[in-house]
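*Asks:* Quick check, what structure comes out for this input:
(2 chains)
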Amino acid sequence: MPNHKNSSTALWPWRIITFLFWYAKEFLVANAQVTADILRPRRRMKMNPAIIAVPAASESSAEWTLISCLITLTPGTLTLTISRKHRILYVHGMFADSRESLVAEVQEMENRMLRAMRRSPGDLSRPVQVPVVAPEDKSPGGDQQ
Amino acid sequence: MELDNIMQIAGLVAIFIGIATIVVAGIGLFNLPDLYLRASAVGTSAGLGVASIVVGALLMDFSWLNLLKALLAIVAQMLTSAVGSMAIARSGYLNGALPAAVTHTDDLMKTRRDNFS
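*Replies:* Numbers count the residues shown, from 1 in each chain, chains lettered A, B, ... in the order given. Just a heads-up that it's a prediction; the model follows:
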(Lines give C-alpha, C1' and ligand atoms only; values in the text may rest on other atoms or scores of the structure.)
Protein backbone atom coordinates (compact mmCIF):
# COMPACT_ATOMS: atom_id res chain seq x y z
CA MET A 1 0.00 0.00 0.00
CA PRO A 2 1.64 3.22 -1.11
CA ASN A 3 1.88 5.82 1.56
CA HIS A 4 0.49 9.18 0.97
CA LYS A 5 3.72 10.98 0.20
CA ASN A 6 4.50 9.06 -2.95
CA SER A 7 0.93 8.36 -3.94
CA SER A 8 1.34 10.62 -6.96
CA THR A 9 3.63 7.96 -8.43
CA ALA A 10 1.14 5.15 -7.84
CA LEU A 11 -0.82 3.73 -10.74
CA TRP A 12 -3.68 5.86 -11.98
CA PRO A 13 -6.57 3.40 -11.35
CA TRP A 14 -5.21 2.82 -7.86
CA ARG A 15 -5.23 6.55 -7.18
CA ILE A 16 -8.87 6.76 -8.32
CA ILE A 17 -9.92 3.91 -6.04
CA THR A 18 -8.06 5.25 -3.00
CA PHE A 19 -9.54 8.69 -3.60
CA LEU A 20 -13.07 7.30 -3.69
CA PHE A 21 -12.60 5.40 -0.45
CA TRP A 22 -10.86 8.33 1.23
CA TYR A 23 -13.69 10.64 0.19
CA ALA A 24 -16.36 8.24 1.46
CA LYS A 25 -14.57 8.08 4.81
CA GLU A 26 -14.25 11.89 5.04
CA PHE A 27 -17.91 12.23 4.07
CA LEU A 28 -19.12 9.91 6.83
CA VAL A 29 -16.82 11.42 9.48
CA ALA A 30 -17.92 14.96 8.63
CA ASN A 31 -21.54 13.84 8.66
CA ALA A 32 -21.21 12.44 12.17
CA GLN A 33 -19.50 15.62 13.33
CA VAL A 34 -22.19 17.90 11.93
CA THR A 35 -24.99 15.68 13.27
CA ALA A 36 -23.48 15.72 16.76
CA ASP A 37 -23.19 19.48 16.70
CA ILE A 38 -26.76 20.03 15.50
CA LEU A 39 -28.14 17.88 18.31
CA ARG A 40 -26.25 19.82 20.98
CA PRO A 41 -28.06 22.65 22.68
CA ARG A 42 -27.22 25.94 21.08
CA ARG A 43 -25.04 27.30 23.87
CA ARG A 44 -22.68 24.32 23.79
CA MET A 45 -22.29 24.14 20.02
CA LYS A 46 -18.68 23.81 18.97
CA MET A 47 -19.06 25.50 15.64
CA ASN A 48 -16.66 28.17 14.58
CA PRO A 49 -17.70 29.22 11.11
CA ALA A 50 -15.62 31.29 8.71
CA ILE A 51 -15.50 32.20 5.04
CA ILE A 52 -11.96 31.62 3.85
CA ALA A 53 -10.26 32.27 0.50
CA VAL A 54 -8.43 29.05 -0.35
CA PRO A 55 -5.76 29.13 -3.09
CA ALA A 56 -6.45 26.30 -5.52
CA ALA A 57 -4.41 24.32 -8.04
CA SER A 58 -7.21 23.33 -10.42
CA GLU A 59 -6.88 24.22 -14.09
CA SER A 60 -9.72 23.03 -16.30
CA SER A 61 -13.40 23.77 -15.89
CA ALA A 62 -14.09 20.15 -15.05
CA GLU A 63 -11.63 20.27 -12.16
CA TRP A 64 -13.05 23.52 -10.81
CA THR A 65 -16.60 22.17 -11.02
CA LEU A 66 -15.74 18.89 -9.39
CA ILE A 67 -13.70 20.33 -6.54
CA SER A 68 -16.42 22.86 -5.65
CA CYS A 69 -19.08 20.14 -5.78
CA LEU A 70 -16.98 17.82 -3.61
CA ILE A 71 -16.37 20.56 -1.05
CA THR A 72 -20.06 21.37 -0.91
CA LEU A 73 -20.99 17.69 -0.65
CA THR A 74 -18.85 17.28 2.46
CA PRO A 75 -21.12 18.30 5.32
CA GLY A 76 -19.87 21.37 7.14
CA THR A 77 -18.03 22.92 4.22
CA LEU A 78 -19.63 24.88 1.42
CA THR A 79 -18.20 26.57 -1.66
CA LEU A 80 -19.69 30.02 -1.90
CA THR A 81 -18.02 31.07 -5.12
CA ILE A 82 -14.79 30.72 -7.06
CA SER A 83 -12.49 33.13 -8.80
CA ARG A 84 -10.67 31.46 -11.65
CA LYS A 85 -8.74 34.63 -12.37
CA HIS A 86 -7.22 34.73 -8.91
CA ARG A 87 -7.37 30.94 -8.52
CA ILE A 88 -9.32 31.11 -5.28
CA LEU A 89 -12.09 29.00 -3.83
CA TYR A 90 -14.25 30.84 -1.30
CA VAL A 91 -15.13 28.16 1.22
CA HIS A 92 -17.50 28.49 4.15
CA GLY A 93 -16.38 26.10 6.87
CA MET A 94 -18.46 25.15 9.87
CA PHE A 95 -15.56 24.00 12.06
CA ALA A 96 -12.83 26.34 10.84
CA ASP A 97 -10.84 26.90 14.00
CA SER A 98 -8.17 28.78 12.09
CA ARG A 99 -7.54 29.83 8.52
CA GLU A 100 -4.72 27.30 8.20
CA SER A 101 -6.74 24.29 9.30
CA LEU A 102 -9.51 24.88 6.76
CA VAL A 103 -7.03 25.67 3.99
CA ALA A 104 -5.10 22.48 4.74
CA GLU A 105 -8.27 20.40 4.75
CA VAL A 106 -9.49 21.76 1.41
CA GLN A 107 -6.07 21.55 -0.24
CA GLU A 108 -5.58 17.96 0.83
CA MET A 109 -8.91 17.08 -0.78
CA GLU A 110 -7.92 18.97 -3.92
CA ASN A 111 -4.52 17.26 -4.09
CA ARG A 112 -6.10 13.85 -3.86
CA MET A 113 -8.79 14.73 -6.37
CA LEU A 114 -6.31 16.08 -8.91
CA ARG A 115 -4.10 13.01 -8.53
CA ALA A 116 -7.15 10.85 -9.20
CA MET A 117 -8.37 12.91 -12.15
CA ARG A 118 -5.12 13.41 -14.01
CA ARG A 119 -3.24 10.56 -15.57
CA SER A 120 -0.03 12.28 -14.50
CA PRO A 121 -0.65 14.72 -11.67
CA GLY A 122 1.71 17.38 -12.98
CA ASP A 123 1.86 20.74 -11.33
CA LEU A 124 0.05 20.94 -8.01
CA SER A 125 1.57 24.23 -6.90
CA ARG A 126 -0.62 27.06 -5.75
CA PRO A 127 -0.24 30.79 -5.32
CA VAL A 128 1.46 31.03 -1.94
CA GLN A 129 0.13 34.38 -0.98
CA VAL A 130 -3.53 35.17 -1.24
CA PRO A 131 -3.84 37.87 -3.88
CA VAL A 132 -5.58 41.06 -2.93
CA VAL A 133 -9.02 40.90 -4.42
CA ALA A 134 -10.90 44.13 -4.67
CA PRO A 135 -13.97 44.88 -6.72
CA GLU A 136 -13.14 46.30 -10.12
CA ASP A 137 -14.79 49.43 -11.34
CA LYS A 138 -16.34 47.72 -14.28
CA SER A 139 -18.06 44.47 -13.66
CA PRO A 140 -16.54 41.74 -15.83
CA GLY A 141 -20.10 40.71 -16.45
CA GLY A 142 -19.49 37.00 -16.50
CA ASP A 143 -18.78 34.06 -14.34
CA GLN A 144 -15.87 35.71 -12.59
CA GLN A 145 -15.65 38.35 -9.97
CA MET B 1 -34.38 -17.81 2.51
CA GLU B 2 -31.82 -16.89 5.15
CA LEU B 3 -30.07 -14.43 2.84
CA ASP B 4 -33.42 -12.94 1.93
CA ASN B 5 -34.18 -12.21 5.59
CA ILE B 6 -30.80 -10.61 6.17
CA MET B 7 -31.25 -8.38 3.11
CA GLN B 8 -34.69 -7.31 4.34
CA ILE B 9 -33.32 -6.38 7.76
CA ALA B 10 -30.31 -4.55 6.31
CA GLY B 11 -32.65 -2.66 3.99
CA LEU B 12 -34.86 -1.58 6.87
CA VAL B 13 -31.83 -0.45 8.88
CA ALA B 14 -30.58 1.63 5.94
CA ILE B 15 -34.00 3.19 5.47
CA PHE B 16 -34.24 4.12 9.14
CA ILE B 17 -30.72 5.63 9.09
CA GLY B 18 -31.86 7.72 6.14
CA ILE B 19 -34.98 8.88 7.96
CA ALA B 20 -32.95 9.77 11.05
CA THR B 21 -30.49 11.79 8.94
CA ILE B 22 -33.33 13.78 7.38
CA VAL B 23 -34.94 14.40 10.79
CA VAL B 24 -31.60 15.68 12.15
CA ALA B 25 -31.27 17.94 9.10
CA GLY B 26 -34.73 19.31 9.88
CA ILE B 27 -33.73 20.03 13.48
CA GLY B 28 -30.64 21.77 12.10
CA LEU B 29 -32.84 24.11 10.08
CA PHE B 30 -34.23 25.46 13.35
CA ASN B 31 -31.07 25.31 15.43
CA LEU B 32 -28.41 26.78 13.18
CA PRO B 33 -27.87 30.53 13.21
CA ASP B 34 -27.50 31.57 9.57
CA LEU B 35 -28.19 30.77 5.93
CA TYR B 36 -24.74 29.37 5.13
CA LEU B 37 -24.60 26.97 8.06
CA ARG B 38 -28.09 25.79 7.20
CA ALA B 39 -27.24 25.31 3.55
CA SER B 40 -24.03 23.41 4.26
CA ALA B 41 -25.45 21.19 6.98
CA VAL B 42 -28.87 20.53 5.54
CA GLY B 43 -28.17 20.34 1.83
CA THR B 44 -25.75 17.49 2.19
CA SER B 45 -27.35 15.71 5.13
CA ALA B 46 -30.55 15.53 3.16
CA GLY B 47 -28.54 14.20 0.23
CA LEU B 48 -27.10 11.42 2.37
CA GLY B 49 -30.53 10.68 3.83
CA VAL B 50 -32.13 10.19 0.43
CA ALA B 51 -29.15 8.13 -0.75
CA SER B 52 -29.45 5.90 2.29
CA ILE B 53 -33.17 5.35 1.70
CA VAL B 54 -32.46 4.44 -1.93
CA VAL B 55 -29.83 1.92 -0.78
CA GLY B 56 -32.33 0.46 1.68
CA ALA B 57 -34.97 0.04 -1.00
CA LEU B 58 -32.35 -1.58 -3.25
CA LEU B 59 -31.41 -4.10 -0.56
CA MET B 60 -35.03 -5.03 0.02
CA ASP B 61 -35.70 -5.57 -3.68
CA PHE B 62 -32.39 -6.46 -5.28
CA SER B 63 -31.83 -6.93 -9.00
CA TRP B 64 -29.02 -5.83 -11.29
CA LEU B 65 -31.28 -3.38 -13.08
CA ASN B 66 -32.30 -1.90 -9.73
CA LEU B 67 -28.63 -1.61 -8.74
CA LEU B 68 -27.99 0.43 -11.89
CA LYS B 69 -31.02 2.63 -11.20
CA ALA B 70 -30.01 3.16 -7.58
CA LEU B 71 -26.45 4.17 -8.51
CA LEU B 72 -27.81 6.66 -11.06
CA ALA B 73 -30.29 8.04 -8.54
CA ILE B 74 -27.64 8.46 -5.85
CA VAL B 75 -25.15 10.22 -8.14
CA ALA B 76 -27.84 12.53 -9.50
CA GLN B 77 -29.13 13.27 -6.01
CA MET B 78 -25.66 14.13 -4.68
CA LEU B 79 -24.83 16.36 -7.65
CA THR B 80 -28.10 18.27 -7.59
CA SER B 81 -28.05 18.77 -3.84
CA ALA B 82 -24.48 20.14 -4.03
CA VAL B 83 -25.27 22.50 -6.91
CA GLY B 84 -28.50 23.58 -5.22
CA SER B 85 -26.78 24.42 -1.93
CA MET B 86 -24.10 26.42 -3.74
CA ALA B 87 -26.71 28.36 -5.74
CA ILE B 88 -28.75 29.15 -2.62
CA ALA B 89 -25.71 30.23 -0.60
CA ARG B 90 -24.28 32.36 -3.40
CA SER B 91 -27.53 34.13 -4.13
CA GLY B 92 -28.01 34.71 -0.42
CA TYR B 93 -24.60 36.34 -0.19
CA LEU B 94 -25.19 38.51 -3.26
CA ASN B 95 -28.50 39.64 -1.78
CA GLY B 96 -26.91 40.76 1.46
CA ALA B 97 -27.70 37.93 3.87
CA LEU B 98 -24.86 38.48 6.33
CA PRO B 99 -23.17 35.53 8.05
CA ALA B 100 -24.00 35.10 11.72
CA ALA B 101 -21.94 36.96 14.29
CA VAL B 102 -20.00 33.81 15.27
CA THR B 103 -18.36 33.79 11.83
CA HIS B 104 -14.85 34.91 12.67
CA THR B 105 -13.36 35.55 9.21
CA ASP B 106 -15.08 36.67 6.05
CA ASP B 107 -12.75 36.94 3.08
CA LEU B 108 -15.59 37.34 0.64
CA MET B 109 -16.53 40.68 2.20
CA LYS B 110 -13.45 42.26 0.59
CA THR B 111 -14.87 41.62 -2.85
CA ARG B 112 -18.07 43.48 -2.20
CA ARG B 113 -18.61 46.74 -3.95
CA ASP B 114 -20.74 48.18 -1.17
CA ASN B 115 -18.33 47.06 1.61
CA PHE B 116 -20.83 47.56 4.39
CA SER B 117 -18.84 45.79 7.09
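*Asks:* what distance separates the start and the end of stretch B:88-100?
*Replies:* Its start and end residues considered, stretch B:88-100 measures 16 Å (Cα to Cα, to the nearest Å).
*Asks:* for chain B, what are the nearby residues on chain A?
*Replies:* A:27, A:31, A:34-35, A:38-39, A:42, A:47-53, A:68-70, A:72-81, A:90, A:92, A:94, A:96, A:99, A:130, A:132-135, A:145 (Cβ under 8 Å from any Cβ of the partner chain). Backbone N, C-alpha and C define where each C-beta goes, glycine included.
*Asks:* List buried members of the residues you listed by neighbour count.
*Replies:* Neighbour-count burial within these applies to A:27, A:31, A:34-35, A:38, A:47-53, A:68-70, A:72-81, A:90, A:92, A:94, A:96, A:99, A:130, A:133, A:145; the criterion is 16 or more other Cβ atoms under 10 Å in any protein chain shown.
*Asks:* Narrow those residues to those in strands?
*Replies:* The subset of these located in strands under the criterion DSSP state E comprises A:A50, A:I51, A:I52, A:A53, A:T77, A:L78, A:T79, A:L80, A:T81, A:Y90, A:H92.
*Asks:* got a list of what A:F19 touches?
*Replies:* With contacts taken as Cβ atoms under 8 Å, 6 or more residues apart in numbering or on different chains, A:F19 has the following neighbours: A:R112, A:M113, A:R115, A:A116.
*Asks:* Closest one of these to chain B?
*Replies:* Comparing the contacts of A:F19 against chain B with Cβ to the nearest Cβ places A:M113 closest, at 13.9 Å.
*Asks:* How many residues are close by the closest one?
*Replies:* 21 (other Cβ atoms under 10 Å in any protein chain shown).
*Asks:* For the residue nearest to it when sequence neighbours are not counted, give its distance to A:Y23.
*Replies:* The spatial neighbour of A:M113 that comes closest, neighbours along the chain excluded (Cβ to Cβ, 6 or more residues apart in numbering or on different chains), is A:I67 at 5.9 Å. As defined by Cβ to Cβ, to the nearest Å, A:I67 lies at a distance of 12 Å from A:Y23.
*Asks:* cool, and A:M47?
*Replies:* Using Cβ to Cβ, one obtains 23 Å as the distance from A:M47 to A:Y23.
*Asks:* Same check on B:G92?
*Replies:* Where A:Y23 is concerned, B:G92 sits at a distance of 27 Å (Cβ to Cβ).
*Asks:* Could you do A:C69 as well?
*Replies:* For A:C69, the distance to A:Y23 (Cβ to Cβ) stands at 11 Å.
*Asks:* From B:G43, how far out is the residue nearest the centre of chain A?
*Replies:* Per Cα atoms, centre = their mean, the C-alpha nearest to the average position across chain A is that of A:V106, at 3.1 Å. Taken as Cβ to Cβ, the spacing of A:V106 relative to B:G43 amounts to 17 Å.
*Asks:* B:D106 now?
*Replies:* Distance, B:D106 to B:G43, by Cβ to Cβ: 20 Å.
*Asks:* again, but for B:T21
*Replies:* Taking Cβ to Cβ as the measure, B:T21 falls 12 Å from B:G43.
*Asks:* rewinding a little: out of B:D106 and B:G43, which sits in the more crowded spot?
*Replies:* For B:D106 against B:G43, the residue with the higher neighbour count under other Cβ under 10 Å is B:G43, and the figures read 23 against 19.
*Asks:* tell me the pLDDT at that one?
*Replies:* At B:G43, the pLDDT value in this model is 79.
*Asks:* Contact partners for it?
*Replies:* For B:G43, counting by Cβ under 8 Å, 6+ apart, the contacting residues are A:T72, A:L78, B:S81, B:A82, B:G84, B:S85, B:I88.
*Asks:* in what helix or strand does the fifth one lie?
*Replies:* Read it as B:G84. Secondary structure assignment for B:G84, by DSSP states H and E: helix B:64-94.
*Asks:* Please name every helix or strand in contact with that helix.
*Replies:* Other helices and strands packing on helix B:64-94, by 3 or more Cβ pairs under 8 Å, 6 or more residues apart in numbering or on different chains; DSSP states H and E, are helix A:61-73, strand A:77-83, helix B:35-60.
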